[in-house]
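In: Below are the sequence and a predicted model for it; my questions follow.
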Amino acid sequence: MADTKDSNGNLLKDGDSVTLTKDLKVKGTSVTLKRGTMVRNIRLTDDPAEIECNADKVKGLVLRTEFLKKA
């Protein structure tokens with residue numbers, strides 16, 4: 001399994017906290033996650049370019065690691 005890294009190349013692991021580096025619209029909802037939003041307790045997926053998390057009333061969210069930096 002390939003290493004999962006954030007936009008700065010830092011290694012991510014289960015339970016880490018990350019910060020968004022860009023405003024992201026959540027498909028299927030009217031929610032926009034703002035740049036600088038802290039997301040806690042991430043879970044790694046089989047795809048090294050994606051993580052799972054829960055954020056701002058949105059459960060089971062999948063985010064691309066290119067928009068994240070380790071907190």
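Out: Received it, and whenever you're ready, just let me know what you need.

In: residue ranges with poor pLDDT in the protein?
Out: The model of the chain has pLDDT under 70 over residues 1.

In: So T29, which state does it fall into?
Out: Recorded secondary structure, T29: coil (DSSP: H, G, I helix; E, B strand; the rest coil).

In: how many neighbours does it have?
Out: As a burial measure, T29 scores 11 neighbours (other Cβ atoms under 10 Å). Backbone N, C-alpha and C define where each C-beta goes, glycine included.

In: ok, the closest residue to it other than its chain neighbours - contacts?
Out: Leaving aside its chain neighbours, T29 sits nearest to V58 (6.5 Å; criterion: Cβ to Cβ, 6 or more residues apart in numbering). Taking Cβ atoms under 8 Å, 6 or more residues apart in numbering, we find V58 in contact with V26, T29, V31, L33.

In: Backbone dihedrals for V58, please?
Out: The phi/psi pair for V58 (degrees, to the nearest 10) reads phi -110, psi 110.

In: If it is in a bridge, with which residues?
Out: Assessed by DSSP bridges, V58 has beta-bridge partners A55.
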